[in-house]
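Asker: Everything below, folded, please.
(one chain, ligands or ions: 1)
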Amino acid sequence: MNQTVKTPEPPVESRPQQEGALIHKMRNPYWMAPMSGISEVCLRQIMDEMQAGVVISELVSAKGLIYSSGRTRQMIRVHEKPGTLIGVQLFGESADDIVEAARQVAETGAAFLDLNLGCPVKKVVKKGCGSALMRDPAKLETFLGKIKRGIDLPLTVKMRTGWNDAEITIHECVQAAYNAGCEWVAVHGRTRAQGYDGLADWDLIAEVKARAKLPIIGNGDVRSAETARRRLDETGVDAVMIGRGALRNPWIFKQCMRLMTDRRDPAPLELILRYKDLLEGVYETRRTLIYLRKLAAWLAFGYPGAAAFRGRMYQALSVNEVMECAQTFFDASSSLPVPKFEETEAFMMGGHG
Ligand SMILES: Cc1cc2nc3c(=O)[nH]c(=O)nc-3n(C[C@H](O)[C@H](O)[C@H](O)COP(=O)(O)O)c2cc1C
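Answerer: As a prediction, this is how the structure comes out:
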């Protein structure tokens with residue numbers, strides 16, 4: 001095994017995220033959360049094939065890797081030809097152990113090393129690992145800084161919001177991660193004391209995002225593509241991480257992608273406006289009016305009040321009148337789902353072909 005000795009660098013005071021930072025290499029902002037006993041190499045490949053934006057291994061003991069059995073080594077395997085960034089998550093109480101284990105991680109072709117600062121399990125926190133590391137942000141910064149300086153792989157972290165309601169240290173720990181040169185922080189919106197009770201605190205995640213100087217990944221209780229998208233929109237996080245939701249619905253990442261495409265599609269009114277601009281460049285007013293009324297009428301099908309709107313369209317005497325009516329109509333229906341157009345529905349039954 002190649003072991004290069006690195007010269008220690010001075011502590012990193014503050015490290016602005018640079019162009020070409022790891023976050024820019026994500027395939028999309030819907031990620032698979034690491035889950036112990038679950039996120040093994042084959043499931044990771046399935047989630048990659050399902051278009052998860054980033055995939056992370058279950059937590060692996062740094063010590064376990066150093067004194068490794070074949071089984072521990074298998075936990076850090078990266079499947080062939082990954083279509084996205086694959087990270088390996090380690091835990092441990094000693095920065096030296098993590099640095100040493102990171103060499104093995106680098107050899108697998110993993111894109112980054114993720115550190116677990118969220119594990120609530122007694123056996124783990126008793127040794128000062130997992131969420132216990134969040135109790136002392138200054139110590140955490142030293143710990144992360146030491147790891148960062150010792151490894152070549154990009155370093156990321158996953159945290160909870162704190163130890164308990166009286167010890168919400170997330171803001172300080174995010175700052176510590178930033179100071180230490182981490183690429184991003186994934187935040188599971190619960191405290192250690194909460195375990196998996198209650199609901200993840202997405203208001204706090206939004207607050208963390210607003211204050212953080214590095215990318216924030218939000219996590220907790222996302223069960224559908226719609227919720228994932230809403231969390232992205234409402235909190236401004238850089239990505240959403242989905243764990244349990246992807247177990248019963250591994251298609252969730254593809255569904256998120258489809259929703260993203262839909263979102264980029266222009267709304268009916270935007271299409272009408274674009275068509276108007278094009279028509280005006282080609283035809284005189286009368287033809288512009290005729291064609292524009294048709295498109296507006298077609299787009300209204302299926303929405304409440306569509307028949308009356310079509311009636312108004314065919315009586316409209318000017319392009320301005322069409323635009324004003326269309327604006328009122330489509331503004332009122334903007335929050336409604338796109339109407340279904342069934343194969344069996346009669347529509348435009350006369351034609352030349
Ligand atoms: C069975 C199970 C195992 C988990 N193992 C890990 C782990 O190894 N590393 C980690 O950072 N988080 C682990 N988590 C936490 C998840 O990554 C995630 O933060 C949590 O489940 C909340 O997200 P969700 O509601 O989308 O599942 C685990 C969660 C579950 C349910």
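Asker: quick one, what contacts the closest residue to the ligand within the stretch 151-300 of the chain?
Answerer: Closest to the ligand within the stretch 151-300 of the chain is Gly243: 2.7 Å, counting by Cβ to the nearest ligand atom. (C-beta placed from N, C-alpha, C; glycine too.) Under the criterion of Cβ atoms under 8 Å, 6 or more residues apart in numbering, the neighbours of Gly243 are Met32, Ala33, Pro34, Met35, Asn219.
Asker: doesn't Gln51 make contact with the first one?
Answerer: In other words, Met32. No. No contact is recorded between Met32 and Gln51 when judged using Cβ atoms under 8 Å, the distance being 10.0 Å.
Asker: more neighbours, these two?
Answerer: For the pair Met32 and Gln51, the greater number of neighbours falls to Met32 (27 against 19), based on other Cβ atoms under 10 Å.
Asker: Close to the ligand: what parts of the stretch 51-200 of the chain are there?
Answerer: The interface of the stretch 51-200 of the chain toward the ligand, taken as Cβ under 6 Å from any ligand atom, is made up of Glu58, Leu59, Gln89, Asn116, Gly118, Lys158, His188.
Asker: Just the buried subset of those, please.
Answerer: Buried residues within those, defined by neighbour count using 16 or more other Cβ atoms under 10 Å: Glu58, Leu59, Gln89, Asn116, Gly118, Lys158, His188.
Asker: thinking again about what came up before, just give me the least confident of the contacts of Gly243.
Answerer: In terms of pLDDT, the lowest of the contacts of Gly243 is Met35, showing 93.
Asker: Within reach of the ligand, which of the contacts of Gly243 are there?
Answerer: Filtered for proximity to the ligand (Cβ under 6 Å from any ligand atom), these shrink to Ala33, Pro34, Met35, Asn219.
Asker: ok so, going back, ok, of the buried ones among the residues of the stretch 51-200 of the chain next to the ligand, which one's closest to Asp165?
Answerer: Nearest to Asp165 among these: His188, at 15.3 Å, using Cβ to Cβ.
Asker: hang on, Ile168 packs against Met159?
Answerer: No. Contact between Ile168 and Met159 fails when scored by Cβ under 8 Å: they sit 11.3 Å apart.
Asker: quick one, which of the two is more surrounded?
Answerer: Each of Ile168 and Met159 had its neighbours counted (other Cβ under 10 Å), and the higher figure belongs to Met159 (26 against 17).
Asker: Pull the contacting residues for the spatially closest residue to that one that is not a sequence neighbour.
Answerer: Using Cβ to Cβ, 6 or more residues apart in numbering and skipping residues adjacent in sequence, the residue nearest Met159 is Leu117, 4.5 Å away. Contacts of Leu117 were listed using Cβ under 8 Å, 6+ apart, and they are Gly130, Ser131, Leu133, Met134, Leu140, Val157, Lys158, Met159, Arg160, Cys173.
Asker: cool, and Pro34?
Answerer: Each residue near Pro34 by Cβ under 8 Å, 6+ apart is listed here: Ile56, Ser57, Glu58, Leu59, Gln89, Asp114, Asn116, Lys158, Gly243.
Asker: Quick check on it: phi, psi?
Answerer: Comment: the main-chain dihedrals of Pro34 come out as phi -70, psi 140, following degrees, to the nearest 10.
Asker: what do you get for Gly195?
Answerer: For Gly195, the backbone dihedrals (degrees, to the nearest 10) come out as phi 60, psi -110.
Asker: ok, now how distant is it from Asp165?
Answerer: Applying Cβ to Cβ, to the nearest Å, one obtains 13 Å for the distance of Gly195 from Asp165.
Asker: Give me the buried stretch members for stretch 317-329, please.
Answerer: The neighbour-count criterion (16+ other Cβ under 10 Å) identifies Val319, Val322, Met323, Cys325, Ala326, Phe329 as the buried residues of stretch 317-329.
Asker: same question, stretch 187-196
Answerer: Within stretch 187-196, the residues that qualify as buried are Val187, His188, Gly189, Arg190, Thr191, Arg192, Gln194, counting by 16+ other Cβ under 10 Å.
Asker: Residues in contact with stretch 276-293: which ones?
Answerer: With Cβ under 8 Å, 6+ apart, stretch 276-293 has contacts from Ile272, Tyr275, Met313, Tyr314, Ala316, Leu317, Ser318, Val319, Val322, Met323.
Asker: What mean pLDDT does it get?
Answerer: For stretch 276-293, mean pLDDT rounds to 93.
Asker: Flag every buried residue along it.
Answerer: Buried positions in stretch 276-293, judged by neighbour count with 16+ other Cβ under 10 Å: Lys276, Leu279, Thr288, Leu289, Tyr291, Leu292, Arg293.
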